[in-house]
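Participant: Sharing a sequence plus its predicted fold:
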Amino acid sequence: MNEQLHYGSWTVDAAGLQCFDLILKDSQALNAPFRHLISTGHVSAMTDRWGNVNLFTTEGGFLWLNSPDSATSRSSLYFMMQAGGELHSLLFSELQTREKIRVGTGWVGYFGEFRFNGIRLGVVQQFYAPPDRGRVIYGNCILTNLSNEPVDLRLCIRSDVAPARENAPLHKPMQPRCSVAVPGGIAFPEADEQVGDVFLIADRKWEGSAYQNSLRLERAVILQPGESTDAVCAIGFGSGRPHSLYSLEETQLHWRTKLQPFVVEAPEPWIQQECLWNAGQLLSFTNYDSSVGEYYLALGGYCWAGFAVREPSETSMTLAACDWELAASSLRFVAKTQLACGDIPKCHNMRRDRVSVDFESDNELWFILGCCESVAIAGKTGFLDEICTFWDEGKGTIWEHLKRAFYWVRDKVGRGSHGLILIREGDWNDYLSLIGAEGRGESLMNSAMACRAFDAMAALAKERGEKVLAAELEAFVSELRRAVDAAFDEEWFLRGYTDHGKPVGSYAEDRVFLNAQSWAALGKCGDPKKRRAALKSAVKKCHTDIGLMLMSRPYSSPAPDDISWCAIPAGEGENAGIWPQTIYWMVWALAEEGLLEEALTEWKCGTLRNHARHFPEVPFGVFNGPDCFSSVWAGSREGWTQVQLIDRARSVPMNPMVAWQGFALRKINQATLRMRDELRDHAADGHPDKLPI
């Protein structure tokens, strides 16, 4: 589907995978970097509109090999040349003609022309990361002589190596490093204690050298008119170097194979293409944490350095049907950060002296939900018997980790006077930070999620013959469901209660919270009539053309004293902004309740392509995006993202934008088939032809 959008058009690469041709005029979105993430699963690179390729790794903690904020170096992999008696940069932003940037799954290509004193060269630069979990990113520069005369030049491959942790000084002076020759290239030995050697290698005989923090490979080239040459190379770290260099075509085919299980049946071609594109972007958030020895899906953005723990539990569910290995590894990552008492941190700080000092109240719920849903989806119940360490001491099966998480929620997090789970330091919506500041506020979202999670865990406990545990889980769920049912207010469920028992999100205040309705339905709380009423109220009041708002109307900014300490502006972020994953949780709930037309409608509204159609000049939301968009309540900023207080545009890309589309579409498909089977089995007077898929 070659759809033309404001910033370019969708097309396909040599492997038949979707890619986007980003075509920018010099005056368009001048400050927008149009970042694109590529990753092997072990080393990642953030590319941008200017042609910079900045490598980073999370092995041993987050580390830029060359920070995009550095003022002393340019890119982790780039090309230069000497011609006509001068040194010339071939970075995309330095070219005299910039044709396009082709953004693909695991790769990016820059196309343009170099011109100087009668020399005219076609320049194609490609950077790519095969999904092989290696420590190497590859590149290729293809030069074509478009002049009428031979061109005598000296081509140079360069890599700037300036390792930096998050918040490192912008203008840290470069300390000259000693380089050594290695087979096929040049290296800085022990460039950093975290990554060891950093090397630059190429495909043929090159002369290696280094200056300050820049590795260099050079060779002389004479190009006749119409003749081309290329320079295949790689930048990597550690002791292991590749025996041969990947080509872009091999990388594209590798990605096509990797993504094949993610293909999902869809009613329109663009919907299937959107799901497959998003799956490729999501897998590019694969990182490695050497402190626990596991790969996991990073949240990205402002949490690259924070090692967020809750989100890998969430996204494990989106992987389970298509990449069980990564889903299981993500869940083990969470389990291995868990303390023996059952507490799971919000972020993994890698400190061995970590103790339970705060009670975010939903991390354990997401872990139990992620494990139970993922095991059910993949049919991998044996996973529960894997042995996994605790962060502080001891080890146990995954099942033991789940049990300790349950008891932590029941006995330590606890419930409030209305029978709902306490919100404590916060549930998924961090904005609701003062509801439970005194320790008594309650979360309906947590309680409804717990109903689904503990229900599934109880079924597994019965299968395992653990009758006492099953009875404890069932009793707790029964009590929670009664409490959630009692929190149904006229047409929808409350969001919770403050420390002083004040309802939040009541019918009287006319404020519907999206997550309370979706999770109440997913937790099978209230009778079917109440669940449907709540879902329909949420769709009616939270719908916009680019997705469902987190709540139907915002609070003031700053917020009331018993709601939040964070003064997020109206319509931005958590204050009635649009959060992609919450859209698809609602789609999931709508599908399970049989509201299939509404489910598919909201699914379409929340997509990247739909966003780009409605807000064509927004410089993100085209092929990736931030964690949230601004809603109609933000006025002229609708369709953009929060920049006051928290600059979410700086954090693009983040994985919530691409994590849930394929999962939710599968839920619609499953519900459609189930309804068709029910109609057929009962020989009813239904109209299956009217179902959306």
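Facilitator: Arrived safely, thanks for sending.
Participant: can you list the weak-confidence ranges in the protein?
Facilitator: 1, 166-175, 358, 682-693 (pLDDT under 70).
Participant: Centroid-wise, who is the farthest residue in it?
Facilitator: Distance to the chain centre peaks in the chain at Glu149, reaching 48.9 Å (criterion: CA atoms, centre = their mean).
Participant: Next, it: phi, psi?
Facilitator: With angles defined as degrees, to the nearest 10, Glu149 sits at phi -120, psi 160.
Participant: ok, now the one 3 residues further on?
Facilitator: Note on Asp152: backbone dihedrals following degrees, to the nearest 10 are phi -100, psi 120.
Participant: roughly how far apart are it and Ile222?
Facilitator: 5 Å (CB to CB, to the nearest Å). C-beta: built from backbone N, CA, C; applies to glycine.
Participant: Equivalent analysis for Phe333, please.
Facilitator: Taken as CB to CB, the span from Phe333 to Ile222 is 52 Å.
Participant: between the two, who's got more neighbours?
Facilitator: Phe333 (27 against 11; other CB atoms under 10 Å).
Participant: Secondary structure class of the more buried one, three-state.
Facilitator: Following DSSP: H, G, I helix; E, B strand; the rest coil, we place Phe333 in the helix state.
Participant: re earlier: against Val643, how distant is the residue farthest from the centre of the chain?
Facilitator: From Glu149 to Val643 the distance is 51 Å (CB to CB).
Participant: again, but for Pro580
Facilitator: 18 Å.
Participant: Could you break this structure into its assigned domains?
Facilitator: If you go by automatic domain parsing, the domain ranges for the chain are 34-255, 277-288+568-676, 293-413.
Participant: just those domains: most buried one?
Facilitator: The highest mean neighbour count among the domains of the chain, using mean count of other CB atoms under 10 Å, belongs to domain 277-288+568-676: a mean of 22.
Participant: What's the end-to-end length of that one?
Facilitator: 29 Å (CA to CA, to the nearest Å).
Participant: gap between it and the chain center?
Facilitator: Remark: domain 277-288+568-676 is offset 11 Å from the chain centroid, using CA atoms, centre = their mean, to the nearest Å.
Participant: now stretch 419-429
Facilitator: The answer for stretch 419-429 is 24 Å, by CA atoms, centre = their mean.
Participant: any idea where the helices of the stretch 201-350 of the chain begin and end?
Facilitator: 248-259, 269-283, 310-319, 324-337 (DSSP state H, counting those that start in this stretch).
Participant: so which of those helices comes closest to Val292?
Facilitator: With CB to CB as the measure, helix 324-337 is the member of the helices of the stretch 201-350 of the chain nearest Val292 (3.9 Å).
Participant: what sits up against the closest one?
Facilitator: 283, 286, 289, 292-297, 309, 312-313, 315-317, 319-320, 344-345, 348, 367, 370-371, 374, 378, 380, 383, 386, 388-391, 398, 401 (CB atoms under 8 Å, 6 or more residues apart in numbering).
Participant: 7 Å - rerun?
Facilitator: Identification of contacts with helix 324-337 by CB atoms under 7 Å, 6 or more residues apart in numbering yields 286, 289, 292, 294-297, 309, 312-313, 315-316, 319-320, 344-345, 348, 367, 370-371, 374, 378, 380, 383, 388-389, 391, 398, 401.
Participant: Scan this protein for its longest helix.
Facilitator: helix 661-682 (DSSP state H).
Participant: What is it packed up against?
Facilitator: For helix 661-682, the helices and strands in contact under the criterion 3 or more CB pairs under 7 Å, 6 or more residues apart in numbering; DSSP states H and E are helix 269-283, helix 310-319, helix 580-592, helix 596-605.
Participant: Out of those helices, which gets nearest to Phe20?
Facilitator: Phe20 lies closest, by CB to CB, to one member of those: helix 269-283, at 8.5 Å.
Participant: now the helices for the protein?
Facilitator: 248-259, 269-283, 310-319, 324-337, 363-378, 398-407, 444-463, 467-486, 514-522, 528-542, 580-592, 596-605, 608-614, 661-682.
Participant: Indicate which one of these is closest to Gly61.
Facilitator: helix 324-337 (13.9 Å).
Participant: could you check the angle helix 310-319 makes with the closest one?
Facilitator: If you take axes from the mean of the first three to the mean of the last three CA atoms, to 10 degrees, helix 324-337 sits at 160 degrees to helix 310-319.
Participant: Quick one: distance of helix 324-337 to the chain centre.
Facilitator: Distance of helix 324-337 from the chain centroid (CA atoms, centre = their mean) equals 16 Å.
Participant: for stretch 385-405, same thing?
Facilitator: Distance of stretch 385-405 from the chain centroid (CA atoms, centre = their mean) equals 26 Å.
Participant: Now tell me what touches that stretch from outside.
Facilitator: 332, 335-340, 342, 344, 354, 364, 367-368, 371, 383-384, 457, 469.
Participant: switch the cut-off to 6 Å
Facilitator: 332, 335-340, 342, 364, 367-368, 371, 384 (CB atoms under 6 Å, 6 or more residues apart in numbering).
Participant: Over to stretch 95-110?
Facilitator: Here stretch 95-110 has contacts from 13, 17, 19-23, 36, 38, 47, 51, 92, 111-115, 125-129, 251, 255, 280, 623, using CB under 6 Å, 6+ apart.
Participant: and with 7 Å instead?
Facilitator: Outside stretch 95-110, the residues within contact range by CB under 7 Å, 6+ apart are 13, 17, 19-23, 36, 38, 47, 49, 51, 92, 111-115, 123-131, 248, 251-252, 255, 280, 284, 623.
Participant: Narrow the residues you listed to those in strands?
Facilitator: 19-22, 36, 38, 47, 111-115, 123-128 (DSSP state E).
Participant: Thr270 touches Asn610, doesn't it?
Facilitator: One correction, residue 270 is Trp, not Thr. No - counting by CB atoms under 7 Å, Trp270 sits too far from Asn610 to count as a contact (9.6 Å).
Participant: quick one: the nearest residue to Lys541 once chain neighbours are set aside and Glu442, what's the gap?
Facilitator: Nearest residue to Lys541, sequence neighbours excluded (CB to CB, 6 or more residues apart in numbering): Ser552, at 3.8 Å. From Ser552 over to Glu442 the distance is 21 Å, taken as CB to CB.
Participant: ok, these two, which is more surrounded?
Facilitator: Glu442 (32 against 21).
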